[in-house]
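In: Sequence below, structure please.
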Amino acid sequence: QLQLVESGGGLVQPGGSLRLSCAASGFTSGYYAIGWFRQAPGKEREGVSCISGNGGITKYGDSVKGRFTISRDNAKKTVYLQMNSLKPEDTAVYYCAADWGRQWTCTIQADGYAYWGQGTQVTVSS
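Out: Reported below is the predicted structural model:
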């Protein structure tokens, strides 16, 4: 079983930055892609970004391209989402999820992600 824990959320002013972390524990042997998703009240879940198991492939949703950067440190079993130039519309609960076996690919579609964290709140407001 793979467990994921997000951290790093909080309240930030528009234009500010936050770095989210997704720490994996449990059975972590082998490759797994990590995706970041978010859901705001009354809205559907949105794929934000993903990174392949070997870190070589990254993808971003159109709404965050150029502002967010995903990276991973496999030695620390942690994936990071650096969020810059934050906007009020980025306000949501952010979740990370793991897709086992994806060494060379990843997707920002939620289908296929079997393991999910509990989420961390990000609020962008003045």
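
In: where do the strands sit along the protein?
Out: 2-7, 10-12, 18-26, 32-39, 46-51, 58-60, 68-73, 78-83, 92-100, 115-116, 120-124 (DSSP state E).

In: So in that sheet, which strands flank the second one, and in what orientation?
Out: For strand 10-12, the pairing partners within the sheet under DSSP bridges are strand 120-124 (parallel).

In: List the contacts of the partner strand.
Out: Contact with strand 120-124 is made by 6-14, 16, 18, 20, 38, 83, 86-94, as judged by CB atoms under 8 Å, 6 or more residues apart in numbering. For every residue, glycine as well, the C-beta is placed using N, CA and C.

In: Just the buried ones from the residues you listed?
Out: 6, 8-9, 12, 18, 20, 38, 83, 86, 90-94 (16 or more other CB atoms under 10 Å).

In: For those, give me CSV that also has distance to Gly47 and pLDDT.
Out: Output for the buried ones among the contacts of strand 120-124, formatted as CSV (distance: CB to CB, whole Å; pLDDT from 0 to 100):
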residue, distance to Gly47, pLDDT
Glu6, 15, 98
Gly8, 19, 98
Gly9, 18, 97
Val12, 22, 98
Leu18, 18, 98
Leu20, 15, 98
Arg38, 9, 98
Met83, 15, 98
Leu86, 18, 98
Asp90, 14, 98
Thr91, 17, 98
Ala92, 12, 98
Val93, 14, 98
Tyr94, 11, 98
